[in-house]
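Colleague: requesting a structural model of the entry that follows:
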Amino acid sequence: MNIAEYTDACIKFAKDTKNWSSLPQSGHQFTTEHSADLWTESSDNAHGGIDVSWAFHMPVSSIRKYAPQVFVDSLLEEIELAADDQWEHQSISEHFSEKYGKHWSTPEDIAAAQKANKTFEPCR
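Modeller: Take a look at the predicted model:
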């Protein structure tokens, strides 16, 4: 998932829930989903999505303004968690691929691209 996809998920969440009076107070999480729906409601966020609930009842212009920072903050939180827990590189790559999509490169990806004399783009 990249910033544009995250922003789209937040906008869709805001539009889909515009007629709701409020969000459920307990046991519910509203996060990104790698599907056509773009967001999902779950009780445990087992799929590892990124929070979209902050976009509830926000205008699209505000979502476009704040979504990139919320996305980056989520990413930084994950990096801090990995560093604090001293994850190994493979664990970090797997976690980020699951949470943010297959946009993260490994040293092997970079080496293979360089060997093939191709331009390598680690993120989309």
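Colleague: can you give me the strands for the chain?
Modeller: Across the chain, reading from the start of the chain, the strands by DSSP state E fall at 29-32, 39-42.
Colleague: give the burial count for Phe13, as a bare number.
Modeller: Neighbouring residues of Phe13 were enumerated by other C-beta atoms under 10 Å; the total is 26. Yep, even glycine has a C-beta here, placed from its N, CA and C like the rest.
Colleague: could you do Leu76 as well?
Modeller: Here the neighbour count serves as a burial measure; for Leu76 (other C-beta under 10 Å) it reads 10.
Colleague: hey, what's Glu41 bridged with?
Modeller: Beta bridges link Glu41 to Phe30, judged by DSSP bridges.
Colleague: Gln29 is in contact with that one, correct?
Modeller: Yes. Under the contact definition of C-beta atoms under 8 Å, Glu41 touches Gln29, with a separation of 7.2 Å.
Colleague: can you list the weak-confidence ranges in the protein?
Modeller: 27, 87-124 (pLDDT under 70).
Colleague: now for the spatially closest residue to Asp51 that is not a sequence neighbour: which residues touch it?
Modeller: Taking C-beta to C-beta, 6 or more residues apart in numbering as the measure, Asp51 lies nearest to Thr31, with 5.7 Å between them; neighbours along the chain are not counted. Under the criterion of C-beta atoms under 8 Å, 6 or more residues apart in numbering, the contact list for Thr31 reads Trp39, Thr40, Ser42, Asn45, His47, Gly48, Gly49, Ile50, Asp51, Val52.
Colleague: where's Thr31 relative to Ser74, distance?
Modeller: When distance is defined by C-beta to C-beta, to the nearest Å, Thr31 is 10 Å away from Ser74.
Colleague: what's the longest helix in this structure?
Modeller: The single longest helix within the chain, with elements called by DSSP state H, is helix 60-84.
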